[in-house]
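J.: turn this into a structure:
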Amino acid sequence: MKKLFSLIIVAVFCFQAKAQYDIPQILTMKDRSEVIDRLLVEKIETVLPELMRREGIDMWVVISREYNEDPVIKTLLPSTWLAARRRTVLIMYDRGEAEGIESLAVARYNVGASFQSAWDKEKQPDQWARVAEIIKERNPKKIGINKSTYFGLADGVVATDLEGLYAALDKKFTVRITSAEKVAIGWLETRTPSEMAIYPQICRISHQIIQEAFSDNVIQPGVTTTEDVVWWMRERIRELKLQTWFHPTVDVQRADPENFDHLRTFSKRPAENVIMPGDLLHCDFGITYLRLNSDQQQHAYVLRPGETEVPAYLQKAFANGNRLQDIFTGNFKEGRTGNEVLKMSREQAIAEGIKPSIYTHPIGYHGHASGTTLGMWDSQGGVPVTGDYPLHLNTAYSIELNAATYIEEWGKEIRIMLEEEAFFDKSGVWYIDGRQNEIMTIPRKPARSK
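T.: Residues are numbered from 1 along each chain as shown. Sure thing, here's the model as predicted:
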């Protein structure tokens, strides 16, 4: 009976521990498919016309062959298409405000609900000839294709397909071909109200995984290594039937001679770093769900025997990181370039005695998405071209940066490295699922007695 009672107590404890990190509802694969397709149809109808008119392109042609996909076409395919089929050509033609966008597929079948098949191979065996017929019938003023020197995600047309397009068209139309770079970027970076209704839960799922990873459910100080935590994260993602777009990292700052090095957080981390009391842990983690991505960096502190909270010197360093976030997001303004925001933010932070490093990127369909680049860790003076691209409303960013603080007790400088998803609209910048305001503890702080 005594043994049974003990087992019940353990079971209750395990249930409570698990409940503490309950993951929000994750849809079945069938339900995910329906959501993705609904969001796509809505975005083509509501976002694409404005983008094409803003950039003065009345026809957008996106071409891909199976397993060599343009990054943009993967965001236009229905959820059940995991790749293009044979050669898939999508044509979007703006018929004007009254009629809207005509979306066609020069393919043997419809491409989802949005792109109606416009090719009967029995009548016209040559796919390129059919593309030329459609273009001639509509007589567009500008034909946009995904070709870009600096924005990789907008540079998806391959040389062979571009040659095929030019060869099929009369010179009258080839001279109208232009880069659809800004249409492609706008399509990738713009978030719809429906997408923003679901994005907070995606970020919350990611946050919950981090919180459990940085807990004594996973970490036993003196035994668990940073790589153990990394692989626990990978396994947890799979358990939840999710994916990640990059391999997570977990690293340690502690009272030792090692100084911070950006490269050390990527390729030069110790392979097996045993987590010890007094360590300041940091992770970089993200998931992919419903075609949207998260990218988060948070910190936890491993309590020493007798400690009940994070040392004051680390709390102060963390506050510097939060303050840098506030300075940076406070400088977002529609039309400002990434380089302008970077310069203003660095100057303001330095004037306040903060040592900043800012390297923020857009996020959405891709983790490192297309849009305004706001610094890189090795380009704090600005980023040519991509940093000169202006901020547009209704876009999402990973607010990624670090603030350096000298810790007397450790005899060295540490970095508070933070990253959280945020949305920029007419009201300003707001965190999609909040941000970390204090360092987590392992184990969690005991509840205060009333």
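J.: longest helix in the chain, by residue count?
T.: In the chain, taking DSSP state H as the definition, the longest helix is helix 193-213.
J.: could you point out which element follows that one?
T.: Proceeding N to C from helix 193-213, the next assigned helix or strand is helix 226-239, under DSSP states H and E.
J.: mind listing the strands for the stretch 1-150 of the chain?
T.: 59-65, 87-94, 101-106, 116-117, 143-145 (DSSP state E, counting those that start in this stretch).
J.: and of those, who's closest to residue 275?
T.: Proximity to residue 275 (Cβ to Cβ) singles out strand 59-65 among the strands of the stretch 1-150 of the chain, at 44.8 Å. Where you see a C-beta, it was placed from the backbone N, CA and C, and this is true even at glycine.
J.: please name every helix or strand in contact with the closest one.
T.: In terms of contacts (3 or more Cβ pairs under 8 Å, 6 or more residues apart in numbering; DSSP states H and E), strand 59-65 is packed against helix 73-76, strand 87-94, helix 127-138, strand 143-145, helix 159-168.
J.: contacts made by it with the rest, please.
T.: Among residues not part of strand 59-65, those counted as contacts by Cβ atoms under 8 Å, 6 or more residues apart in numbering are 52, 70, 72-73, 76, 84, 86-94, 131, 135, 138, 140, 142-146, 156-158, 161, 165, 180, 183.
J.: next up, the contacts around the nearest residue to residue 377 once chain neighbours are set aside.
T.: Distance criterion Cβ to Cβ, 6 or more residues apart in numbering; nearest residue to residue 377, sequence neighbours excluded, is residue 359 at 4.5 Å. Neighbouring residues of residue 359 by Cβ under 8 Å, 6+ apart: 374, 375, 376, 377, 400, 401.
J.: so where is the protein shaky, pLDDT-wise?
T.: Within the chain, the segments meeting pLDDT under 70 span 1-21, 260-272, 446-450.
J.: which parts of it are helices?
T.: Under the criterion DSSP H, the chain contains helices at 2-20, 29-46, 48-54, 73-76, 127-138, 159-168, 171-174, 181-189, 193-213, 226-239, 312-329, 338-351.
J.: which one of those lies closest to residue 294?
T.: Comparing these by Cβ to Cβ, helix 193-213 comes nearest, at 4.0 Å.
J.: quick check: the closest residue to residue 215 other than its chain neighbours vs residue 195, distance?
T.: Residue nearest to residue 215 in three dimensions, not counting chain neighbours: residue 442, with 6.2 Å by Cβ to Cβ, 6+ apart. Counting by Cβ to Cβ, to the nearest Å, the gap from residue 442 to residue 195 is 34 Å.
J.: repeat that for residue 168.
T.: With Cβ to Cβ as the criterion, residue 168 and residue 195 are 36 Å apart.
J.: do the same with residue 424
T.: For residue 424, the distance to residue 195 - Cβ to Cβ - is 14 Å.
J.: doesn't residue 73 make contact with residue 83?
T.: No - if you go by Cβ atoms under 8 Å, residue 83 and residue 73 don't touch, sitting 9.5 Å apart.
J.: about what we covered before: rebuild the helices and strands packed on strand 59-65 as JSON lines, extending it with mean neighbour count and distance to residue 355.
T.: JSON lines is the format used below for the helices and strands packed on strand 59-65 (neighbours: other Cβ atoms under 10 Å; distance: least, Cβ to Cβ, whole Å):
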{"stretch": "helix 73-76", "mean neighbour count": "21", "distance to residue 355": "38"}
{"stretch": "strand 87-94", "mean neighbour count": "23", "distance to residue 355": "47"}
{"stretch": "helix 127-138", "mean neighbour count": "17", "distance to residue 355": "55"}
{"stretch": "strand 143-145", "mean neighbour count": "24", "distance to residue 355": "43"}
{"stretch": "helix 159-168", "mean neighbour count": "14", "distance to residue 355": "46"}
